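**Student:** Predicted model and sequence below, questions to follow.
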Amino acid sequence: MNVSLTINGTGYERDVEPRTLLVDFLREEVGLTGTNVGCDTTQCGACTVHLDGAAVKSCTVLAVQAEGGSVTTIEGLGNGELHAMQQTFTEKHGLQCGFCTSGMIMTAVKLVESHPDIEEDDIRHGLEGNLCRCTGYENIVRAVAEGARRFDPHSPWEMEPAEHKITLREAERRARERSRA
């Protein structure tokens with residue numbers, strides 16, 4: 001079957017078997033290997049990409065189901081530079097082996113887009129479909145919280161200027177004050 005997709009802003013057209021998974025299309029047909037295959041059963045989230053604006057686990061989407069769609073992978077997220085969420089995962093040590101990182105980041109971006117003032121419990125709940133076998137999730141949660149503070153959903157490729165950054169402790173203090181009000 002012929003499949004035509006826009007991936008990271010570039011059009012791709014390939015003839016594939018109808019059973020080809022989107023993750024395999026991305027990795028094998030297009031050569032974008034930042035999206036990982038961890039379980040093939042939607043359990044781990046390592047294969048998460050954005051399809052038509054939604055975070056999806058690409059190991060359970062057929063390439064033909066995405067026909068005509070627009071896909072963003074971890075390689076295309078920052079538009080040539082590190083996205084705020086990618087930057088904070090680096091700064092806050094939200095990764096160890098890195099296998100789950102692309103899926104975590106892709107999920108976190110959509111989570112923050114829908115909940116700009118997200119709280120720690122919401123981050124933990126929102127990442128439940130993404131598994132990390134290396135960390136205790138503390139640094140991942142810190143990275144997402146910091147990314148949420150830097151991330152402007154109306155301009156997803158922008159980061160706040162350095163002078164506007166606040167510490168996680170300060171953000172937590174502000175969140176406590178908001179909840180009391």
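**Tutor:** Arrived safely.

**Student:** C-alpha from now on. contacts and neighbour counts both.
**Tutor:** Will do.

**Student:** Spell out the residue ranges of the strands in the protein.
**Tutor:** Ranges of strands in the chain, per DSSP state E, are 2-7, 10-15, 48-51, 54-57, 70-72.

**Student:** among those strands, which is nearest residue 136?
**Tutor:** Closest to residue 136 of these is strand 48-51 (CA to CA; 20.3 Å).

**Student:** Domains in this protein, by residue range?
**Tutor:** The chain resolves into domains spanning 2-77, 84-180 when parsed by automatic domain parsing.

**Student:** Please produce a markdown table containing the ones you listed, extended by mean neighbour count and mean pLDDT.
**Tutor:** A markdown table is the format used below for the domains of the chain (neighbours: other CA atoms under 10 Å; pLDDT from 0 to 100):
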| stretch | mean neighbour count | mean pLDDT |
| --- | --- | --- |
| domain 2-77 | 19 | 96 |
| domain 84-180 | 17 | 79 |
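
**Student:** Quick check: phi and psi on residue 117?
**Tutor:** In terms of degrees, to the nearest 10, the main-chain angles of residue 117 are phi -100, psi 40.

**Student:** from memory it sits against residue 148, does it?
**Tutor:** Yes. Residue 117 lies in contact with residue 148 (CA atoms under 8 Å); the separation is 7.3 Å.

**Student:** Among the strands of the chain, which comes closest to residue 99?
**Tutor:** strand 48-51 (11.8 Å).

**Student:** for the residue positioned nearest the centre of the chain, what are its contacts?
**Tutor:** For the chain, the residue nearest the mean C-alpha position is residue 106 (0.7 Å; CA atoms, centre = their mean). Residue 106 makes contacts with 48-50, 55, 73-74, as judged by CA atoms under 8 Å, 6 or more residues apart in numbering.

**Student:** so how far is residue 103 from the nearest residue to residue 108 once chain neighbours are set aside?
**Tutor:** Leaving aside its sequence neighbours, residue 108 sits nearest to residue 144 (CA to CA, 6 or more residues apart in numbering; 6.3 Å). The spacing between residue 144 and residue 103, counted by CA to CA, to the nearest Å, is 13 Å.

**Student:** swap in residue 52?
**Tutor:** Here the criterion is CA to CA. By it, residue 52 lies 16 Å from residue 103.

**Student:** what do you get for residue 112?
**Tutor:** 14 Å.

**Student:** ditto for residue 32
**Tutor:** Residue 32 sits 14 Å away from residue 103, going by CA to CA.

**Student:** I appreciate the help and will end here.
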